[in-house]
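Colleague: sequence and computational prediction follow.
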Amino acid sequence: MTSIRPASGAPVEDPRATSKHTLCGYGWGDVAGALIKSIGAADMVRSQRWAAELVCSELGLGRLEALMYHAWALHVGPNLPTWTRFWFNTIHQLRMFWTKSNGDIKCVRNTPVVRQLVAEAVARLVLATKRPLPELPTSADCYREAEAMRVRLRSGGGSGEQISTRRVWSALHDGADLRTIGNEFEHALRSNQQGRMLFWIIWLLTLDSQPDAPSGKERGPDHLTKKQKSSLVWFLIDILRDISNEVMYLSVEERNGLFGCLELTWTKLGQRGRRDCICAIAISIQEFMQRKVSLTVHAPVAVPSHEAVRNAVSGIDAIYSTIATEARRFVLEAPSMVGLTDGPQQKSGTKPGGHPVISAMDKLALVYRLAGAGSGH
């Protein structure tokens with residue numbers, strides 16, 4: 001976008017996003033919610049519009065990376081696990097373009113390859129068969145069952161040693177509670193107890209947020225802080241990774257994408273996003289394992305066709321042009337108050353010296369405001 005000038009001729013800075021609003025003046029939270037909801041509703045136009053808004057806005061690329069992965073977990077998940085490989089590669093390419101542009105978002109958003117990559121990723125999610133994430137247990141459920149669970153485990157009612165937990169758990173760095181939770185979680189996953197499996201995921205997430213949480217080995221990637229790398233959640237992720245490698249869930253590249261997206265978007269996902277994505281991964285692996293041992297015939301996963309994706313992204317440049325027009329209009333908008341700001345409607349209401357004349361209604365409003373300030377209201 002080039003510099004623009006209002007009718008008065010005074011120069012105006014290029015439209016820019018801030019920490020409070022996107023390029024076109026929308027709140028960050030509103031755009032994030034609108035993108036996830038539109039993907040869930042299979043609304044192609046709105047999904048592409050809000051994804052492009054994030055591409056155009058400063059600080060938006062990192063949010064887009066996490067929001068797309070979160071939207072996959074919420075609305076698609078096990079129905080299209082291979083999408084994560086595509087998004088994992090797209091994140092790396094977006095970051096490469098960002099580095100080459102020296103952090104110039106205008107250069108990134110005007111790059112046709114960037115527009116095409118993001119638009120294709122959005123189209124694949126919108127066209128995929130939807131599979132909403134099931135209702136998850138809450139921390140309150142864990143607190144309510146905590147004492148009964150402790151009694152069961154102390155009386156020998158635990159699930160026993162599990163193979164992946166035994167490989168992942170480190171006696172030198174990990175607390176004993178992690179071993180118990182890992183065994184219970186893995187047993188629930190392998191025995192197709194989906195509700196119990198999700199319960200232990202929430203249990204560990206709740207435990208991780210408490211000040212007296214057990215110690216855990218640093219397992220997170222190097223780009224995270226020391227505290228983030230020590231999160232107990234990485235213990236759970238390593239168990240899932242070990243199980244997926246054992247049962248050969250997807251190809252090596254697709255497994256790398258499944259867990260790699262989680263590593264790359266960890267900070268921006270937030271606690272809720274991490275919870276939903278881990279649950280979606282666990283459900284995907286569990287259902288794959290059950291299909292392997294079941295005689296039930298399942299239809300192959302319906303992958304969106306190349307033709308449908310290509311048609312969906314054919315008008316992406318028009319969406320970016322619309323954003324450019326809307327961003328310019330947002331910058332030029334200025335609040336007006338009758339009698340206090342210059343405007344066509346006030347030319348006859350100014351004094352010879354050029355000073356504005358306050359209208360009767362504005363005088364009355366000003367009196368009430370002053371009266372309220374003086375009385376302490």
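Modeller: Happy to help now that I have it. Numbering: from 1, shown residues only.
Colleague: name the SS class of Thr129, please.
Modeller: Under the three-state scheme (DSSP: H, G, I helix; E, B strand; the rest coil), the conformation of Thr129 reads as coil.
Colleague: what about Val168, neighbour count?
Modeller: 25 (other C-beta atoms under 10 Å). Heads up, the C-betas are built off the backbone N, CA and C, glycines and all.
Colleague: next one: the closest residue to it other than its chain neighbours from Leu35, what distance?
Modeller: Counting by C-beta to C-beta, 6 or more residues apart in numbering, Asp238 is the residue found nearest to Val168 once chain neighbours are left out, at 4.7 Å. Relative to Leu35, Asp238 is positioned 30 Å away (criterion: C-beta to C-beta, to the nearest Å).
Colleague: I'd say Gly257 and Thr90 touch.
Modeller: No: distance between Gly257 and Thr90: 9.9 Å, which falls outside the contact criterion (C-beta atoms under 8 Å).
Colleague: looking at the two, which one has more neighbours?
Modeller: Here Gly257 and Thr90 are set side by side on neighbour count (other C-beta under 10 Å), and the busier one is Gly257, at 23 against 20.
Colleague: what stretches of the stretch 1-150 of the chain score poorly on pLDDT?
Modeller: For the stretch 1-150 of the chain, residues meeting the criterion pLDDT under 70 lie at 1-13.
Colleague: let's see that with 90 instead.
Modeller: When residues are selected by pLDDT under 90, those of the stretch 1-150 of the chain lie in 1-21, 25, 58-59, 103, 146, 150.
Colleague: where in the stretch 151-300 of the chain is pLDDT low?
Modeller: In the stretch 151-300 of the chain (pLDDT under 90), the answer is 152-160, 209-216, 291-300.
Colleague: can you count the residues close to Val309?
Modeller: Summarising burial for Val309: neighbours were counted as other C-beta under 10 Å, giving 19.
Colleague: that one touches Leu125, doesn't it?
Modeller: No: under the contact definition of C-beta under 8 Å, Val309 does not touch Leu125, with a separation of 10.5 Å.
Colleague: the residue nearest to Val168 against Ser170, yeah?
Modeller: No: using C-beta under 8 Å, Asp238 makes no contact with Ser170, being 10.1 Å away.
Colleague: more neighbours, these two?
Modeller: Legend: neighbour count by other C-beta under 10 Å for Asp238 and Ser170, higher for Asp238 (19 against 13).
Colleague: so what are the domain limits for the protein?
Modeller: 28-129+304-329, 139-293, 338-374 (automatic domain parsing).
Colleague: want to throw those into JSON lines with distance to Arg16?
Modeller: What follows is the domains of the chain, written out as JSON lines (distance: least, C-beta to C-beta, whole Å):
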{"stretch": "domain 28-129+304-329", "distance to Arg16": "6"}
{"stretch": "domain 139-293", "distance to Arg16": "20"}
{"stretch": "domain 338-374", "distance to Arg16": "24"}
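Colleague: what segments of the stretch 251-377 of the chain are helices?
Modeller: According to DSSP state H, counting those that start in this stretch, the stretch 251-377 of the chain carries its helices in the segments 252-264, 266-293, 306-312, 316-332, 360-374.
Colleague: and the angle from the first one to helix 266-293?
Modeller: Yep, that's helix 252-264 we're talking about. Helix 252-264 runs at 150 degrees relative to helix 266-293, counting by axes from the mean of the first three to the mean of the last three C-alpha atoms, to 10 degrees.
Colleague: nearest to Ser139, out of the helices of the stretch 251-377 of the chain?
Modeller: helix 266-293 (10.4 Å; C-beta to C-beta).
Colleague: pull out the buried positions in the closest one.
Modeller: Neighbour counts over helix 266-293 (16 or more other C-beta atoms under 10 Å) mark 266, 268-269, 273-289 as buried.
Colleague: quick one: the residue nearest to Gln116 when sequence neighbours are not counted from Arg46, how far?
Modeller: Beyond its immediate neighbours in the sequence, the residue positioned closest to Gln116 (C-beta to C-beta, 6+ apart) is Val313, lying 6.4 Å away. Distance, Val313 to Arg46, using C-beta to C-beta: 15 Å.
Colleague: for these two, indicate the residue with more neighbours.
Modeller: The residue with more neighbours, out of Val313 and Arg46, is Val313; 20 against 15, by other C-beta under 10 Å.
Colleague: residues contacting that one?
Modeller: 48, 116, 119-120, 123 (C-beta atoms under 8 Å, 6 or more residues apart in numbering).
Colleague: check the residues you listed and tell me the two furthest apart.
Modeller: When the contacts of Val313 are compared pair by pair using C-beta to C-beta, the two farthest from each other are Gln48 and Gln116, 11.6 Å apart.
Colleague: Asp177 contacts Gly216, correct?
Modeller: No: under the criterion of C-beta under 8 Å, Asp177 is not in contact with Gly216, lying 9.9 Å apart.
Colleague: for those two, indicate the residue with more neighbours.
Modeller: Under the criterion of other C-beta under 10 Å, the comparison of Asp177 against Gly216 puts Gly216 first, with 23 against 15.
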